[in-house]
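K.L.:
Sequence first, then the predicted structure, then my questions.
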Amino acid sequence: MGIIEKIKAIEEEMARTQKNKATEHHLGLLKGKLARYRQQLLADEANASGGSGGGQGFEVAKSGDARVVLIGYPSVGKSSLLGKITSTKSEIAHYAFTTLTSVPGVLKYGGAEIQIVDLPGIIYGASQGKGRGRQVVATARTADLILMILDATKSEHQRESLEHELEAVGIRLNKEKPNIYFKKKETGGIKITFVSPPLPGKLDEMTIKAILRDYRIHNCEILVRDSTCTVDDFIDIINDQHRNYIKCLYVYNKIDAVSLEEVDRLAAEPNTVVMSCEMDLGIQDVVEEIWYQLNLSRVYTKKRGQKPVFDDPLVVRNGSTVGDLCHSIHRDFKDKFKYALVWGSSAKHSPQKCGLNHKVNDEDVITLFTK
Ligand SMILES: Nc1nc2c(ncn2[C@@H]2O[C@H](COP(=O)(O)OP(=O)(O)OP(=O)(O)O)[C@@H](O)[C@H]2O)c(=O)[nH]1
């Protein structure tokens, strides 16, 4: 039996099996097997095409301060959005499948440069290893944020099927890595510890052991730190190098074509923004939400006696320190650092004299003094 047939067979068996106390353990084992075969399929595909992410027009060099990847079905308005928020123009035609290669565009936000990549609207079937879908997924893995563009006039099915595809290839949306410690060992057998007893229906010792046997793991240490962890969480942890935890913003386009009630309903969903590219509605909200989700801060530098440079900020993660800023300038810059003057919301008074441990805020201005 080929790998695709094996995957199909397991999926069918899972669909047939009723979920209850007696089948819980068996279902867990099936899930583990499914993850293993899917992994193998993706690896085979990558080898066959000569490396991960191969193919024409897909390998987009990462540039700028962050990367946002647009995913969506054909004709939902991805090209229209890209045309509105970035400096790259892509052709818009009134028929499906116009975007065949990924078009990197740059979104400028207060001097920060965010790379926006539009992927072909052909993601469906990716988890079955179907050609381009798999390449789309390889690029999606490199995203700091996924923008799932959805058509407000279409059914929820579009969102569910995209989520399912991403899920099947190991991309976890808006989810933290499960709180389970796992370390393979050379000897010593299997040691499993639960910080608190597992809740009913959650991950239990018997299922862990069965999955480990299936994965041919005979020596390891496991610490389940959270009693709400599920079998799926455990499978993610043992397949950790093939998992990506990525934030996702759901963007519903074409709200001009649905009722106000429907717009309200969609807008109230978590991690969701609504817009109409055609009517130029909500586009700025999308940009602001992208910036917010990326969790970045811009810090403008200023030379002594001069005005700050507002078009070329240092861009760092929220919560970064002056030390992190120095590091982003140059690896060795910290060694030369004497002190900094900071203006802005992180400063107690303007300017505040600070050391390397001072935490900066978005839009602060800084002057660095060196030895
Ligand atoms: N009613 C309405 N139509 C829109 C809106 N935005 C885009 N469209 C239409 O939807 C169609 C597809 O738009 P594109 O921007 O090419 O969509 P795409 O997702 O890039 O499509 P592919 O290139 O096929 O992946 C075009 O005919 C647009 O005119 C909108 O806000 N409202």
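P.N.:
Happy to help now that I have it. Residues are numbered from 1 along each chain as shown.

K.L.:
Does anything pack onto the host helix or strand of residue 299? Which helices or strands?
P.N.:
For residue 299, the host element (DSSP states H and E) is strand 296-301. Contact analysis of strand 296-301 by 3 or more C-beta pairs under 8 Å, 6 or more residues apart in numbering; DSSP states H and E lists strand 314-317, strand 364-370 as its packing neighbours. (Glycine included, C-beta is placed from N, CA and C.)

K.L.:
and that strand, which residues are buried?
P.N.:
Buried positions in strand 296-301, judged by neighbour count with 16 or more other C-beta atoms under 10 Å: 296-301.

K.L.:
so which of the residues you listed comes closest to the ligand?
P.N.:
Closest to the ligand out of the buried residues of strand 296-301 is residue 296 (26.1 Å), distances taken as C-beta to the nearest ligand atom.

K.L.:
Pull the most distant pair out of the buried residues of strand 296-301.
P.N.:
Taking C-beta to C-beta as the measure, those span a maximum distance of 16.0 Å, between 296 and 301.

K.L.:
hang on, the earlier thing: within the sheet, what are the partner strands of the strand holding residue 299, with directions?
P.N.:
Under the criterion DSSP bridges, strand 296-301 sits next to strand 314-317 (antiparallel), strand 364-370 (parallel) in its sheet.

K.L.:
CA atoms only: put the longest one into PDB for me.
P.N.:
The C-alpha atoms that make up strand 364-370 are tabulated as PDB, following Å, rounded to 0.1, in the frame of the first residue of the first chain:
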ATOM      1  CA  ASP A 364      10.400  55.800  21.000                       C
ATOM      2  CA  VAL A 365      13.300  58.000  19.900                       C
ATOM      3  CA  ILE A 366      16.800  57.100  21.000                       C
ATOM      4  CA  THR A 367      20.300  58.500  21.000                       C
ATOM      5  CA  LEU A 368      23.000  56.000  21.600                       C
ATOM      6  CA  PHE A 369      26.300  57.100  23.100                       C
ATOM      7  CA  THR A 370      29.400  54.900  22.600                       C
END
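
K.L.:
Let me see the mean pLDDT of that strand.
P.N.:
Here strand 364-370 scores 93 as its mean pLDDT.

K.L.:
how deep is residue 142 tucked in, by neighbour count?
P.N.:
15 (other C-beta atoms under 10 Å).

K.L.:
Quick one: name whatever helix or strand follows the longest helix along the chain.
P.N.:
Ranked by number of residues, the top helix in the chain under DSSP state H is helix 24-48. Past helix 24-48, further along toward the C-terminus, the next helix or strand under DSSP H and E is strand 66-71.

K.L.:
Could you check how far that next one is from the centre of its chain?
P.N.:
Offset of strand 66-71 from its chain centre (C-alpha atoms, centre = their mean, to the nearest Å): 9 Å.

K.L.:
Counting by contacts, list what that strand packs against.
P.N.:
helix 78-85, strand 112-118, helix 131-140, strand 145-151, helix 283-294.

K.L.:
Give me the buried positions along the longest one.
P.N.:
If I follow you right, that is helix 283-294. 283, 286-287, 289-291, 293-294.

K.L.:
ditto for stretch 326-337
P.N.:
Neighbour-count burial for stretch 326-337, with 16+ other C-beta under 10 Å as criterion, is recorded at 326-328, 337.

K.L.:
Now, these that are in strands?
P.N.:
residue 337 (DSSP state E).

K.L.:
circling back: and the longest helix of the chain, what does it pack against?
P.N.:
Taking 3+ C-beta pairs under 8 Å, 6+ apart as contact, the helices and strands that helix 24-48 lies on are helix 3-16, helix 131-140, helix 205-214, helix 231-238.

K.L.:
Those: which one's closest to residue 265?
P.N.:
Closest of the helices and strands packed on helix 24-48 to residue 265 is helix 131-140, at 27.2 Å (criterion: C-beta to C-beta).
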